[in-house]
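Enquirer: this one's structure only:
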């Protein structure tokens, strides 16, 4: 009787949204705790201290005034884009031609086209995921378009363009696996790239899957195929590219995070961020975005993510 | 019973008593000569045997082990570079590079099997060999998978290659380096054994004592008798001097040849091996920098450090001076090309940089450099074989003839002193 009443009290407190219930004699509150934890992890966390999706309004359109960073790039003769070379569909190296291509690279080509009138005036620097922010800060690259999530922590160091792609984290497992969502992988090794938000997100899952870091997602697929990890968890976009390379893999579960992709630019050149936003605006309105989407992902293309400005 | 249990004091007293009678003194003299001659003979045999086996071990085990360790190390480095270059070339790998990679793996595997027979299983060298052998299988499997995926146009092939490369550079090559250092240590120990300095010192002392004893005894005899010369003892002395001269000749020759083997063989071979690995690392750094496609990074910094360490004019390399000036020129030529590659890449012409790196010009320049080093190394190995073969000469005969000669010396000592003893019967 006494226990029942205590349990009841606990559930009542839980329902009220309070957390102070240290004595858990009955299993009822624990059973309730699991789905609630899952529910909270499905929304982006920690609570954002800024609006990461909002970028600078492109006041001057695609003009390149004298003294602007765009003029500096013009003088150099090429735009330097930082990206990866193992993210199939977004930016990966074609083994036959040796060229790096994909959705992200085509976005970079649009920006090169806006500066030079020639999309080929683009130099690709491969930047490991763990080094993307630094490469932009140190100006090793003009901008990074590299399946990179815009968030407040990164806004502290770099500026982001408006969102050009909406992704969300899912899970890749073996064809015969019974896993249907990330929570089913409790205590089991799950791979993600060093320095990616995906790796942090795996660590936050309530059932405690073990995050395993590899240099990049291609190396995660190697680890998965060698049986070193049971699953890979990252953005659905990247997983799709990995799954097409491995017929024994499947992508399961709902998107349990929201990963808005944006281009990263050095804080020293806000005018360049504005310029990139102007180019993105143009690709959204004139159908270029849809064309690139259809080329690399599925046709017909959905609506592009709407631009949000500060 | 009592004789057996006689306390040493009694024996000593009897020995001391012998000094006071003439026949007793003669018996003592004979005993001293016999003991010294027998010991000298025994130690001559042992010293020659020890130096002989030491020299043979150096020739047949330690030095070949060093060569194999070097082959393992450079084959691994070369395989890594070749795989990276084949990847850079794009599309299907050029057959020349595939062949080179296959040869590297085969060379490494052969050297491993052979080296495993030359070292104890449980030492650090044995452990390093096991680690490389196990890792080599994994490495070959990863590269094979990378190739298969590459053929199917799957970009994950590149990730397999970089995983393989990491295994090679971070696990296999350091283990191979441990093996190389161990082999170097064994070669050094081999030289120490071949020199057998302790045995030789003991032998020197014994022969000197024998000569001195013969001299003293003959002087005493000539004083106590009217005869100036005791012919058998004189013969024994001559034979002892012959033993001394023969031993000295054999060992002086051996030591001189061992010194030459170090100077003309081992030292240049070891330095050449180090240089070869450094040069291969340069090429690997160049290729992997391009594979990473991230501009000049840490590997390019490593290239610059290594370039500073590559020198072909060290004192060890003087015996191959001509070849080394060629190597210096070839290395300079390669470095010039490398700088061109870097400047192309750093200025945005990645395709141009890859083309130059994989192309005939750079490949030929680099191959010529490694060929010069290979030739120099082969030349020095031949020099080592010549010196070490000569160093072992005479030691086998001395092992047998030394003790025999000592027996003959004993015989003459007995004859020489028995004639004097007979006089007291």
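Expert: Nice, I can see it. Every value quoted in this text rests on a predicted model; they were computed, and no experiment measured them. Numbers count the residues shown, from 1 in each chain, chains lettered A, B, ... in the order given.

Enquirer: interface residues of chain A facing chain B?
Expert: By C-beta under 8 Å from any C-beta of the partner chain, the part of chain A that sits against chain B consists of A:77-78, A:80, A:85-86, A:88, A:92-98, A:100, A:123-128, A:140, A:215-216, A:218-219, A:221-222, A:242, A:245-246. Every residue, glycine included, has its C-beta placed from N, CA and C.

Enquirer: Which members of those are positioned in helices?
Expert: Those of the residues of chain A next to chain B mapping onto helices are A:218-219, A:221-222, A:242, per DSSP state H.

Enquirer: export those to CSV and tack on pLDDT and neighbour count?
Expert: Below are these laid out as CSV (pLDDT from 0 to 100; neighbours: other C-beta atoms under 10 Å in any protein chain shown):
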residue, pLDDT, neighbour count
A:218, 89, 31
A:219, 90, 22
A:221, 94, 31
A:222, 93, 28
A:242, 93, 24
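
Enquirer: quick one: which of the residues you listed is nearest residue B:42?
Expert: residue A:222 (65.4 Å; C-beta to C-beta).

Enquirer: show me the contacts for the closest one.
Expert: A:214, B:142, B:156, B:159-160, B:163 (C-beta atoms under 8 Å, 6 or more residues apart in numbering or on different chains).

Enquirer: any idea how far residue B:87 is from whichever residue of chain B sits closest to chain A?
Expert: Nearest residue of chain B to chain A, counting by C-beta to the nearest C-beta: residue B:159, 3.1 Å away. According to C-beta to C-beta, to the nearest Å, residue B:159 and residue B:87 sit 11 Å apart.

Enquirer: count of neighbours near the closest residue in space to residue A:147 that isn't next to it in sequence?
Expert: Leaving aside its sequence neighbours, residue A:147 sits nearest to residue A:90 (C-beta to C-beta, 6 or more residues apart in numbering or on different chains; 5.1 Å). Per other C-beta atoms under 10 Å in any protein chain shown, the neighbour tally for residue A:90 reads 28.

Enquirer: Just read off the phi/psi values of residue A:90.
Expert: In terms of degrees, to the nearest 10, the main-chain angles of residue A:90 are phi -100, psi -50.

Enquirer: Show the pLDDT at it.
Expert: Residue A:90 carries a pLDDT value of 94.

Enquirer: Residue B:87 too?
Expert: At residue B:87, pLDDT is 84.

Enquirer: what's the closest non-adjacent residue to it?
Expert: Nearest non-adjacent residue to residue B:87, counting by C-beta to C-beta, 6+ apart: residue B:161, 5.4 Å away.

Enquirer: Quick check: which element contains that neighbour?
Expert: helix B:156-167 (DSSP states H and E).

Enquirer: residues touching residue B:417, list them.
Expert: So residue B:417 contacts B:26, B:29-30, B:33, B:233 (C-beta under 8 Å, 6+ apart).

Enquirer: and of those, the nearest to residue A:182?
Expert: residue B:33 (94.3 Å).

Enquirer: mind checking the SS state of that closest one?
Expert: helix (DSSP: H, G, I helix; E, B strand; the rest coil).

Enquirer: I'd guessed it sits against residue B:211; true?
Expert: No - under the criterion of C-beta atoms under 8 Å, residue B:33 makes no contact with residue B:211, lying 11.1 Å away.

Enquirer: Between these two, which is the more surrounded one?
Expert: residue B:33 (24 against 17).

Enquirer: In contact with the closest residue to the residue of chain B closest to chain A other than its chain neighbours, which residues?
Expert: Using C-beta to C-beta, 6+ apart and skipping the chain neighbours, the partner closest in space to residue B:159 is residue A:218 (3.1 Å). Shown in contact with residue A:218 (C-beta under 8 Å, 6+ apart): A:86-87, A:242, B:155-156, B:158-159, B:162.
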